[in-house]
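Visitor: how would this look folded up:
(one chain, ligands or ions: 1)
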Amino acid sequence: MRRSIEMNEAWRFIRQDEEQAKSELYNDDHWSVVTIPHTWNAIDGANGYEYYQGACWYRKAFVVEPSYEGSKLFIEFNGSNSVTDVYMNGQHMGQHKGGYSIFRLDITEVVKYGANNVIAVKVDNTVVDDVYPQKADFTFYGGIYRDVNIVVTNPVHFDLMDYGSSGVYVVQEEVTKEKAQLIVRSRLVNDSNEEKRIRLWADILDADHHIVTYAAKEVILAAGEIKTEELPCVIDNPTLWHGRKNPYMYKVNISMSSFNDTIDECSIPFGVRYFHVDPEKGFFLNGEHLPLHGVSRHQDRKDMGWAITEQEQVEDMAYIKEIGASSIRLAHYQHSQYFYELCDKEGMVVWAEIPFISIMSQNELEGINAKQQMLELIKQNYNHPSIIFWGLQNEIQIGGERAEVRKLVKELNELTKNEDPTRLTTMANVLFVSEEDEYNRITDVVGYNKYYGWYHGKTDDFAPWLDKFHRINPDVPLCISEYGAEGIVQYHSTDPKVKDYTEEYHALFHEKTWKTFEQRPFLWATYVWNMFDFGANIRDEGGVKGRNNKGLISYDRNIKKDAFYMYKAHWSEDKFVHITSKRFVDRIENSIQVKVYSNCREVTLYVNGEEFDSVTSEEKIFVFENVALTDGMNEIRAVATEYNIRYVDMAKFNKVEEPNPSYETPVEDQGEEVTNWFQMPDLDEPMEDLQITDDVYSTRCTFKELFENEEAGAVLHKYLGEDFRNRPTYSMTQGFKIDTLAEMAPEHFTDKLLYALNKELTKIKKYK
Ligand code: GCB
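Guide: Predicted coordinates for the structure are as follows:
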């Protein structure tokens, strides 16, 4: 019978490359002792540009029980970032490329039974050209950051080496309200040297552990054979997995037995459901319209990086439930099995994706690693009912227009549809992909990451763009796969503006944007970027180094920003009232506006114990104007009563003489990170009309195209600075046309600068 032995305790670790450590005889006494989950970037991963990237080593001595001799033994890594080499008793067992998926290695022949064994693991988080991600707006925390186990099985077992999966796939052939027609597909392995006759048996159990149906068959496995077997099963009148309303789970207990012995056994939870996306009406689950109110999640946490435990995952899920979300985009890579299980249990509709993000490899053009990670994602997560969408890429167009990128995206789509025809493929296009671009028609449904109201334009630009896209592509199901703004709760303003980083702008941005989305039922989903602040070493903005502050909740999960409550008011049925700007305590005005988010119908405000006013709102936003403050502390209470239950929130505002300077965003931090990128030349020439044609360079070209030409590159250096290309953020903008970036940062790319660039660039002929 199968056994899984946890291997997380008492590892030795050294934060440097130490090749000799692979030897069994190496003495690691001077190394530190660590417990897995572990990362060496828990602190430096989110406080600035530099963080340790390189090879590090882990070692552990362990004894294998003598009774396991004759069994199969596998070492299982649930997540180790990003290239991992495993040595057992000095022998190289294998290498795994990719930091997010499960992988196993067969160690049966190498371990010593009843004696001491040494496992040495080299983990390297250096970016290499043939492993994804190459470049992205998040820190690549290094380490063995998810559990390690040894799995012991009989030589005859369900395949553990099929891309790290369980070897058992519950295929939902057809699901209706009347019946769920399933195939339990399993890969059986006979690693013994004789033929085996086994009975394969699958019991399907309902949530009360009652067997609802079963299927069985006799199978003969030749010595050394790997065989795929299918057991068809039908559940009549199934209870459907119905999102948050009823995330009903079945379970298949599948076993192989011989005479009276169970040889191997797996228990796989699953849920049955059907769904479709209508380009006009959005997402439907089991025939019912389900608005996908989505948030995105990264897996890191302050001072822990990716080395989190189940407790942090449960907490993350609790916040996502509290806000009332119905869907999660698990960005930008495979998350832990435990989190997908939570999504199953809680009824979250999931978009799962691989880290094929920002930039495709320059040299490995077949996409071997992207395809491997896609197959791992699908096979390892095949049985999670929560996963409905497979995401193929995120903003991969950033690396510039390349035929091989288009080809690989298409191939990934084919691979995914082939591997799993039961789900929908999707992807997240970067904002500059044109509405007409064929990228919008490769996958079943599509998403755009759009940042109107932050990186460029204003929140009001969302509506015309959405309507335009929908007009041009009425048959393409569209979602907003990302939208957001930075919110740093240190900063406050009574006149919030784009790029001021204040908590007030962050909330206002979401108020306005959500209203636009709500009015467009054709959107199949929208995903707030992001549910939580996260580590992003390439960033230094808003006075915070190494962070992306677009979360609705802070990186340490201690602070729910006001915008959190804005969504909660719209999405959750749990009643509450929330006074906004509570952290904006010191006020200089004699009277202020008090804004309350609530999902109650009517809110009454009390100021220093006196009833001030009552406001009703269908929009969940209750605004009280001209609330007079007396000198010193003022106590404001917001009260709503529904069905005889009182909901109360309290805030204290301090009337002061002078503004509190700590609320003000430092001037150098206003405006996003491009601020310091450019050496703005003093341009005083009169601007004349310029002829820009396709055969010459201009600001219509991407940075990448321009730098590929020596002369054009020199022009960019002249105006944008010599070290332009060394800036951490440069590679994230390669695929941008200068004009696109200029639209996003008009304050830096003035008309005069664009004119000066074009005047020189248009003198350089292309293709000469
Ligand atoms: C994006 C990326 C995401 C970034 C986000 C941002 O479009 O997909 O990884 O973190 O923008 O905040 O800029």
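Visitor: how about the residues of the stretch 401-550 of the chain near the ligand?
Guide: Within the stretch 401-550 of the chain, the positions near the ligand by Cβ under 6 Å from any ligand atom are Asn449, Glu482, Trp529, Asn548, Lys550. Bear in mind the C-beta positions are built from the backbone N, C-alpha and C, glycine included.
Visitor: output the below-cut-off pLDDT ranges for the protein.
Guide: The chain contains residues with pLDDT under 70 at 669-684, 728, 768.
Visitor: residues of it that sit close to the ligand?
Guide: By the rule Cβ under 6 Å from any ligand atom, the part of the chain lying against the ligand is Ala136, Asp137, His332, Asn394, Glu395, Asn449, Glu482, Trp529, Asn548, Lys550.
Visitor: repeat that with 5 Å
Guide: Contact residues, the chain versus the ligand (Cβ under 5 Å from any ligand atom): Asp137, Asn449.
Visitor: got the phi/psi numbers for the most centrally placed residue in the chain?
Guide: Nearest to the centroid of the C-alpha atoms of the chain, with distances taken as Cα atoms, centre = their mean, sits Ala331, at 1.2 Å. With angles defined as degrees, to the nearest 10, Ala331 sits at phi -90, psi 160.
Visitor: the residue lying closest to it once chain neighbours are set aside bridge partners, please.
Guide: Distance criterion Cβ to Cβ, 6 or more residues apart in numbering; nearest residue to Ala331, sequence neighbours excluded, is Ser296 at 4.7 Å. Beta bridges link Ser296 to Arg329, judged by DSSP bridges.
Visitor: isn't Ser296 up against Tyr527?
Guide: Yes: with contact defined as Cβ atoms under 8 Å, Ser296 and Tyr527 form a contacting pair (4.9 Å).
Visitor: what sits against Asp303?
Guide: Contact analysis of Asp303 by Cβ atoms under 8 Å, 6 or more residues apart in numbering lists Ala42, Ile43, Asp556.
Visitor: quick one, what contacts Ala640?
Guide: Lys575, Val577, Ser598, Cys600, Arg601, Glu602, Val603, Thr604, Arg646, Tyr647.
Visitor: kindly report the same for Cys56.
Guide: The contact partners of Cys56, taken as Cβ under 8 Å, 6+ apart, are Phe13, Ile14, Arg15, Gln16, Asp17, Trp40, Lys122, Val123, Asp124, Gly142, Gly143.
Visitor: apply 6 Å and report the result again.
Guide: For Cys56, the contact set (Cβ atoms under 6 Å, 6 or more residues apart in numbering) comprises Arg15, Trp40, Val123.
Visitor: each with direction, which strands does the host helix or strand of it pair with?
Guide: In the assignment (DSSP states H and E), Cys56 maps to strand 55-63. Using DSSP bridges, the strands paired with strand 55-63 are strand 11-14 (antiparallel), strand 116-124 (antiparallel).
Visitor: for Ala207, which of those strands is the nearest?
Guide: Evaluated over the strands paired with strand 55-63, closeness to Ala207 peaks at strand 11-14, with 38.1 Å, by Cβ to Cβ.
Visitor: now do that closest one: everything it contacts.
Guide: By Cβ under 6 Å, 6+ apart, strand 11-14 touches Asp28, Trp31, Ser32, Val34, Trp57, Tyr58, Arg59, Lys60.
Visitor: cool, and stretch 428-441?
Guide: 394-395, 397-398, 446-450, 469, 472, 476, 481, 740.
Visitor: any buried residues in the strand holding Cys56, and which?
Guide: Buried residues in strand 55-63, counted by 16 or more other Cβ atoms under 10 Å: Ala55, Cys56, Trp57, Tyr58, Arg59, Lys60.
Visitor: perfect, I'm done here.
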